[in-house]
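Colleague: sequence? don't have it. structure:
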């Protein structure tokens with residue numbers, strides 16, 4: 001049962017509101033000033049605040065500001081009298097859920113309250129979900145319950161307290177930097193710097209300067225001395241992303257630093273010692289790169305003290321629902337306040353996600369969910385909220401090998417069309433409206449084709465189901 005705090009300096013008005021809301025099944029608390037309201041919120045769990053705009057000492061807007069500072073997610077409904085609407089608009093800009101103008105009828109108030117409570121309920125559920133995910137199936141921001149991910153969490157815990165160099169391999173978008181950060185922030189170096197550098201983003205000369213720093217006058221444009229990433233990471237962790245792309249010449253210089261923990265700035269002669277933990281990552285298989293002569297073997301063995309391989313998303317399909325829920329909760333704050341909060345995805349979206357190859361891995365799933373959260377008008381993500389390019393890449397598999405080579409073209413096309421429709425219906429649980437969306441045709445057109453091909457559908461997939 002949710003608790004609503006009513007704040008008004010009048011004595012009788014809160015009692016009336018309290019009685020109305022208790023009839024709707026809510027518990028109520030009453031405060032006659034802004035400070036009294038804050039005192040109550042320090043002692044009791046509150047799910048909604050309804051406050052009058054005009055009060056002595058601390059008005060409704062000031063109370064709102066205090067609430068949003070301490071309890072940012074709790075919704076606040078402002079009660080305004082005639083002539084204070086401009087003040088109510090100001091309150092909305094500062095985070096009020098809504099405002100209602102006095103005098104108001106009970107039905108209107110109850111509708112506002114139910115909407116605010118429903119919104120906050122989703123926020124709490126998302127918070128609890130995120131907490132459950134982080135407790136049971138995560139390590140930092142890495143989410144997953146698959147066998148491979150659970151083994152990864154165990155490995156991170158084992159290697160975090162050592163200073164051994166770690167090599168992380170995996171496809172782009174699998175979360176290599178997240179793993180590196182998890183190792184760092186679970187290590188004794190957690191209070192020191194975590195410095196990341198993308199080795200593929202810079203030319204050889206710029207990367208050398210970026211890593212080792214340079215002295216004044218070392219090259220054209222070097223108007224002052226500059227510390228490199230090795231110096232900046234001293235005492236902490238240096239993350240070398242896309243290590244497989246560095247040149248052989250730079251590999252030689254980097255190898256010396258990894259072996260001796262000493263280097264010189266570009267254009268300098270002074271040896272600078274550093275105490276760092278190195279974590280390297282690549283989307284290449286470095287063992288194969290060494291066999292092909294594209295990566296130094298001695299450098300490979302220096303990096304490959306601890307070897308972690310991140311599985312692609314297509315090999316951990318059981319994690320997709322966890323990741324989806326986690327991402328929905330993360331992007332929930334970016335939803336417009338006038339549309340329902342997203343609570344999940346439609347079943348056919350679940351099926352599409354499990355059948356997709358995910359070449360961009362978790363990063364691609366993140367982009368798909370973020371876009372859908374912006375465009376979704378309801379409380380669940382539908383097929384129509386997904387990018388067209390994404391839907392087009394999920395091609396239903398066709399059994400065309402069984403078609404004889406001398407089959408007329410019109411019969412072949414009819415066969416293919418029938419298979420596509422049957423597959424789309426299967427993927428959308430025979431909801432014809434959703435199947436039509438997936439196929440990119442109108443619902444009436446799909447209905448005609450179903451009749452034309454004699455495709456059997458459940459009797460429920462009519463106007464409402466289809």
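Modeller: Received the coordinates, thanks. Quick caveat: nothing in here was measured; it's all calculated off a predicted structure.

Colleague: residue 152 and residue 146 touch, don't they?
Modeller: No: taking CB atoms under 8 Å as the definition, residue 152 is not a contact partner of residue 146, at 9.4 Å. Every residue, glycine included, has its C-beta placed from N, CA and C.

Colleague: hey, which helix is longest across this protein?
Modeller: Here the longest helix in the chain is taken by residue count, with DSSP state H as the criterion, and it is helix 106-136.

Colleague: tell me which residues of it come out buried.
Modeller: Burial within helix 106-136, assessed by neighbour count using 16 or more other CB atoms under 10 Å, is assigned to 109, 112, 113, 116, 117, 119, 120, 122, 123, 126, 130, 133.

Colleague: next: stretch 3-21.
Modeller: Judged by neighbour count using 16+ other CB under 10 Å, the buried positions of stretch 3-21 are 3, 4, 5, 6, 7, 8, 9, 14, 17, 18, 20, 21.

Colleague: between the residues you listed, which is nearest residue 281?
Modeller: For residue 281, the nearest member of these is residue 3. The distance, counting by CB to CB, is 48.1 Å.

Colleague: grab the nearest non-local neighbour of residue 174.
Modeller: residue 310 (4.1 Å; CB to CB, 6 or more residues apart in numbering).

Colleague: which residues are in contact with that neighbour?
Modeller: Shown in contact with residue 310 (CB atoms under 8 Å, 6 or more residues apart in numbering): 152, 168, 169, 170, 171, 174, 175, 176, 179.

Colleague: quick check: it vs residue 319, distance?
Modeller: Taken as CB to CB, to the nearest Å, the spacing of residue 310 relative to residue 319 amounts to 12 Å.

Colleague: of residue 152 and residue 146, who's got more company?
Modeller: residue 152 (22 against 18; other CB atoms under 10 Å).

Colleague: could you list the buried residues of the helix or strand the more buried one falls within?
Modeller: Take DSSP states H and E as the rule and residue 152 turns out to sit in helix 147-160. Counting neighbours by 16+ other CB under 10 Å, one finds that the buried residues in helix 147-160 are 149, 152, 153, 155, 156, 159, 160.

Colleague: which one in the chain is furthest away from the centre?
Modeller: For the chain, the C-alpha lying farthest from the average C-alpha position belongs to residue 406; by CA atoms, centre = their mean, that distance is 51.3 Å.

Colleague: doesn't that one belong to a helix?
Modeller: No: the assignment for residue 406 (DSSP: H, G, I helix; E, B strand; the rest coil) gives coil, which keeps it out of a helix.

Colleague: let me see the contact set for it.
Modeller: Listed by CB under 8 Å, 6+ apart, the contact set of residue 406 is empty.

Colleague: distance of it from residue 412?
Modeller: Distance of residue 406 to residue 412, computed by CB to CB: 10 Å.

Colleague: ditto for residue 200
Modeller: Remark: distance between residue 200 and residue 412 (CB to CB) = 46 Å.

Colleague: ok, residue 104 next?
Modeller: Going from residue 104 to residue 412 by CB to CB gives 66 Å.

Colleague: now residue 236
Modeller: Taking CB to CB as the measure, residue 236 and residue 412 are separated by 63 Å.

Colleague: residue 284 now?
Modeller: Note on residue 284: its distance to residue 412, by CB to CB, is 42 Å.

Colleague: which residues does stretch 69-76 contact?
Modeller: By CB under 8 Å, 6+ apart, the list of residues contacting stretch 69-76 reads 38, 41, 46-51, 63-64, 67-68, 91, 95-97, 116-117, 119-120, 123-124, 127.

Colleague: do that again at 10 Å, thanks
Modeller: Stretch 69-76 is touched from outside by 5, 7, 38, 41-42, 45-51, 60, 63-64, 67-68, 91, 94-99, 112-113, 115-120, 123-124, 126-127, 332-333, 337, with contacts defined as CB atoms under 10 Å, 6 or more residues apart in numbering.

Colleague: before we move on, back to that, per-residue pLDDT, the residue farthest from the centre of the chain?
Modeller: For residue 406, the pLDDT comes out at 74.

Colleague: can you check residue 136 too?
Modeller: Per-residue pLDDT puts residue 136 at 53.

Colleague: what about the helices in the stretch 301-450 of the chain?
Modeller: Assigned by DSSP state H, counting those that start in this stretch, the stretch 301-450 of the chain shows helices spanning 320-331, 347-355, 361-375, 388-393, 409-427, 432-439, 443-453.

Colleague: now the angle from the fifth one to helix 443-453?
Modeller: Using axes from the mean of the first three to the mean of the last three CA atoms, to 10 degrees, one finds that helix 409-427 and helix 443-453 are set 120 degrees apart in direction.

Colleague: domain-wise, how is this protein divided?
Modeller: Using automatic domain parsing, the domains assigned to the chain come out as 3-133, 145-311, 314-393.

Colleague: next, format those domains as CSV and append distance to residue 438 and mean pLDDT.
Modeller: Converted to CSV, these look like this (distance: least, CB to CB, whole Å; pLDDT from 0 to 100):
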stretch, distance to residue 438, mean pLDDT
domain 3-133, 27, 88
domain 145-311, 25, 93
domain 314-393, 6, 87
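
Colleague: present those domains as TSV; the columns should include distance to residue 434.
Modeller: Compiled in TSV, the domains of the chain are given as follows (distance: least, CB to CB, whole Å):
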stretch	distance to residue 434
domain 3-133	23
domain 145-311	28
domain 314-393	5
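
Colleague: wait, a helix at residue 281?
Modeller: No: the assignment for residue 281, made by three-state DSSP, is strand rather than a helix.

Colleague: quick one: contacts for the residue nearest to residue 360 when sequence neighbours are not counted?
Modeller: With sequence-adjacent residues excluded and distances taken as CB to CB, 6+ apart, residue 360 is closest to residue 173, at 4.7 Å. Shown here is residue 173, whose contacts under the criterion CB under 10 Å, 6+ apart are 283, 310, 312-313, 358-367.

Colleague: for residue 441, same thing?
Modeller: The neighbours of residue 441, taking CB under 10 Å, 6+ apart as the test, are 421, 424, 435, 448, 449.

Colleague: can you say which of the residues you listed are buried?
Modeller: If you count burial by 16+ other CB under 10 Å, the buried members of the contacts of residue 441 come out as 421, 424, 435, 449.

Colleague: doesn't residue 442 make contact with the third one?
Modeller: To tie it back to what came earlier, the one meant is residue 435. No: at 11.4 Å, residue 435 does not count as touching residue 442 under the criterion of CB atoms under 10 Å.

Colleague: what helix or strand is residue 6 on?
Modeller: Applying DSSP H and E as the criterion places residue 6 in strand 3-7.

Colleague: figure out how far that strand is from the centre of its chain.
Modeller: What separates the centre of strand 3-7 from the centre of its chain is 33 Å, taken as CA atoms, centre = their mean, to the nearest Å.
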